[in-house]
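Undergrad: Here is the input, now give the coordinates:
(chains A and B)
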Amino acid sequence: MIKIPILSLMIFLPLIGSFFILMIKQDDNETVIRNSRIVALVTSITNVCISFIVFYKFDPLILEFQFFENLVWIKALNVNYCVGVDGISLPFILITTVLVFIAILVSWQYVQDHIKEYLIAFLVLETMILGMFLSVDLFLFYVFYEGIFIPMFLIINIWGRYSKFIPSFKFFIYISLSSILLLVAILIMYSMTGSTNILDIIKHNFTFLLQILLWIILFISFFLKSLMWPLYKWIFDISYKSLIPVSIIFVSLLLNVWCYGILRFLFSLFPVVSAFLAWFVYIFSVIIILYGLISIITKNNLRIIISYLSIIYVSLINLGLFSFSLEGIQGGIILAISSSLLLSALSICCGIIYDRYSTYNILKIGRIIDHMPNYVFIFTFFILSIIAFPGTSNFIGQILILIGIYKVSGWLFVFILFLIIATFISVLIVYKNIVFDRVCKDEESFLAMDLVFIEKVILIPLIFLILCIGFYPKPLLNKMKLTTTLLVEKYSFIYKNR
Amino acid sequence: MLNDFALDISFCFPELILAISSIVCIFFGLLGVNKLLRSFCLLILIATLLSIIFFNAELEFRTLFDGAYVFDSFTRYFKVVILIGCILILFVSFSYLDKEEGNVSFEYPILWLFAILGLFIMISSNNLIVLLIGLELQSIPLYVLMTIRKEYSVTNNVAFRYFVFGNLATVFILYGGSIIYGLLGTINFSEIAQKLKFLEDSSLMIYVAALLVILGVLFKIMIVPFHAWAIDICENVSIFVVIFINAIFPIAAFSFLIRLLMGPFSYLSCSILLVTLSSLSLIIGSLLALHQKYVKSFITCGSVFHMGYAMMGIALESQKGIEATMIYLFLYMFTIIAVFSCFMCLSKQGIIVKQIRHMSGIGRRIPFLGFALTTFMLSLAGIPPLSGFLVRFNVFVELVKSEFYLLFTIALLSSLIAIIYYLNIVRRIYLKKPKDGDFLLEGNINYNAILVICFGLLINFLFIFFPNSLFSLNNKILISFFNAIN
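TA: Here you go, the predicted model:
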């Protein structure tokens, strides 16, 4: 059996694809646009297939990194090109490849200008994010982590360009700060252990003060890089002309980066400090959920509601991950995956509504069930997913997270349950407003077009995936099980005291 | 004794080739065959390069001419690097000069040959007098070269200012050197090292004299108190003088500085001085470059910033630190030469691009130049995975290991500022459109420049994927250098 470097193939294939697109001559011809879209589509479908092959062949009973590749890179600095998959990175590479595939599909309908830049940006982003998830060496991780900067810069600059320059300048400051903080953390760890390999650093014992310092630096770095801090302001700054699917898919990708960063760095390397500082994350997440809930109740703009939903999901994931129980961590990962899918789907639905009605205001959108029955069917499915209806992947994720939170504290469990139910109710009210409520008497004169073929093509795979994970999450949970169990065992000292 | 002399001369083969051929070229030039002369000068440089690489290749440290001149792998390495840089620059200059037949006198490339010869003598000198010969031989052609292009009307003014500053540097070195001679009784660096090692009462004058010599050398590197001359003159002189000032002179000056600091002045710890100067260069260089609107002064201010980085490696006074500096300078030189070649491709009616804002939208019209400029700007900004980041990471690792935490913080923060202005160029060439009525640049197909750009890209990408050969080469050279000194 020839040993194909399948992980390197998966990482660099989008880069090669984007290079091909770059070489297509710059004309404003229809064939050029179609060619570049086809190249991008072929590349992303191939990558999805490769990631599913990796998923299939991943052995859930092996502890170490699988599909391991280790090449000597810079001998003088003891830095190697080291990539591998383990139970934590596996779900994330799946969701990344699927999300980029969806993003490229979205470009068919929604992106009309700057198509080449859009496709190149998302493909390069895929390379960098996959490289981040798969690298075992910290230097390589930093290379890919910083490499996210350029496609982000492109995406925000081009598709946020109708807004003022200020968002992209602030964004630049946050991203650079996060890169520098991560560089500081890597250099400290390197100088203490003499190697940049994660496997070596896990074995090293840092002093407690140094652990706290490194934890805080890494936390802030990942927090800023995933655009969590300016997210709440930034995503609302983008004006009405920018594309909601683009921004939300982009945000979902970064959400996965955040989860992976927490799991791989904060939890694996510094378990004691994570347990020590978990209260801070808890308070923060609960406040954010409350804030998101109140905003959803008071706002009428569908775009903003989806953005606040994404914030609520992030906080739920945080709560689940920082409960340090097996269910919590697994639930966090599953919710990360499913909420990425769900938010992308919702943003596309939102884009469809904007396309037909030219407004995001839910009070102005009339009774769409009369005109767009197919769309309502699909939209209902996604709303049910938000509500964590059993059978959708959100249900699995949220149930597991709630079990995890219950293990932390019963009162917190009740409070979060209340908040989640309140969120569901407000989402259902939004749904009712859009789908069923009449706006004015002579509604029937306005006929909106039902779903086009391309929109069905985009949305149906998402439905399929959400149902798949919802009804049969066992393969995914099985493959994650060993690694997450070992991760949770580091935190067994918490449960001894309970 | 004649035998000794003949043996010693045989080690100086490269310098001999340069010297004799330059003089022959002067006579040739009177025949009026300018193009042929330029190609001949390029051939001379290539011959010198080959002679350094292949002649006397295995021999270690050796002093020639009774201790006046040094021959070892360290000086050979730097001479090779400088020669490769000069060959690239001369190669690029040909197509540019070919268009200006009447305006350039034939001495143009010959003066460069003399300047390179002066640099060689300066690098290999083991003796204060020989150092001075090298310095003068290298500065005087430069004074002339500044005035040789008549297209700039303010040239004489500018050249006079540089003349004054350059002489200031020479005066520092001369004065410091004479004080050292007065106190120690010898001009030979190895003997100075010996005497300073056993000096019982290190008087203040020795420190002052050493400081003067070091400051005179620092002048060439464009470190902070001495950066003003470069920024002052760079707008008003020919682009090739600017390339030399940015790329070639700092390398030669650094090699000599390393030999000084590890040789004669190793018992006087200059670490604090170098740390202060490098941190000031980092801050001031990055802040200056933020406001530049003209291309040449932009790159020159960036050079001040990068020289601060290179200086940090020397300030650590460890072998690894100096290795980091050497690798940094190697890559920096190639990147800068390639960047200027990119600029030379953008011209209108024979005038090379002057202002940064005229470069708007170049990336879309000329994709190759856009790609090349983006790679080089990102490499200079220090964005992974490009080579600029690797060399900076190397320097950072040494800083953290030697626990220079304040310097490390300053370096990080100033590189944050540096990212802003280098990315600004990338943003401008891709995302901005030229305003109507603006100076629209045409990309001229300048094959020489494109070859040099490709060479620069090749070096960058080769270094990303196969960095080990450069690291191990520098390691070997420095090990033999330190063995020879101790």
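Undergrad: if I pick the closest residue to A:Tyr145 other than its chain neighbours, what's in contact with it?
TA: Once flanking residues are discounted, A:Tyr145 sits nearest to A:Met132: 5.6 Å by Cβ to Cβ, 6 or more residues apart in numbering or on different chains. Quick note: C-beta positions are derived from backbone N, CA and C, even for glycine. Listed by Cβ atoms under 8 Å, 6 or more residues apart in numbering or on different chains, the contact partners of A:Met132 are A:Phe141, A:Phe144, A:Tyr145, A:Ile148, A:Val257, A:Tyr260.
Undergrad: for the helix or strand hosting B:Lys296, which positions count as buried?
TA: Element membership of B:Lys296, judged by DSSP states H and E, is helix B:295-315. Counting neighbours by 16 or more other Cβ atoms under 10 Å in any protein chain shown, one finds that the buried residues in helix B:295-315 are B:295-315.
Undergrad: Summarise which helices and strands that helix is packed against.
TA: helix B:204-221, helix B:228-233, helix B:239-243, helix B:249-262, helix B:271-290, helix B:319-345, helix B:387-401, helix B:405-431 (3 or more Cβ pairs under 8 Å, 6 or more residues apart in numbering or on different chains; DSSP states H and E).
Undergrad: Just the CA atoms of the first one, as PDB, please.
TA: Think helix B:204-221. The C-alpha coordinates for helix B:204-221 follow below in PDB (Å, rounded to 0.1, in the frame of the first residue of the first chain):
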ATOM      1  CA  LEU B 204      38.400  55.800  29.600                       C
ATOM      2  CA  MET B 205      40.300  56.900  26.500                       C
ATOM      3  CA  ILE B 206      40.400  53.400  25.100                       C
ATOM      4  CA  TYR B 207      36.600  53.200  25.400                       C
ATOM      5  CA  VAL B 208      36.200  56.500  23.700                       C
ATOM      6  CA  ALA B 209      38.500  55.600  20.900                       C
ATOM      7  CA  ALA B 210      36.800  52.300  20.400                       C
ATOM      8  CA  LEU B 211      33.500  54.000  20.500                       C
ATOM      9  CA  LEU B 212      34.600  56.500  17.800                       C
ATOM     10  CA  VAL B 213      35.700  53.700  15.500                       C
ATOM     11  CA  ILE B 214      32.500  51.800  16.000                       C
ATOM     12  CA  LEU B 215      30.400  54.800  15.400                       C
ATOM     13  CA  GLY B 216      32.300  55.600  12.200                       C
ATOM     14  CA  VAL B 217      31.500  52.100  11.000                       C
ATOM     15  CA  LEU B 218      27.900  52.400  12.100                       C
ATOM     16  CA  PHE B 219      27.500  55.300   9.800                       C
ATOM     17  CA  LYS B 220      27.300  53.000   6.800                       C
ATOM     18  CA  ILE B 221      24.700  50.900   8.400                       C
END
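Undergrad: sorry, back to before: what's the helix or strand for the residue nearest to A:Tyr145?
TA: Using DSSP H and E, A:Met132 sits in helix A:115-134.
Undergrad: Quick check: next helix or strand after that helix?
TA: Per DSSP H and E, the first helix or strand lying C-terminal to helix A:115-134 is helix A:138-147.
Undergrad: Could you pull up the residues touching the closest residue to chain B within the stretch 251-400 of chain A?
TA: Chain B sits closest to A:Val257 of the stretch 251-400 of chain A, with a gap of 16.2 Å, by Cβ to the nearest Cβ. By Cβ under 8 Å, 6+ apart, the residues touching A:Val257 are A:Ile129, A:Met132, A:Ile148, A:Phe222, A:Lys225, A:Ser226.
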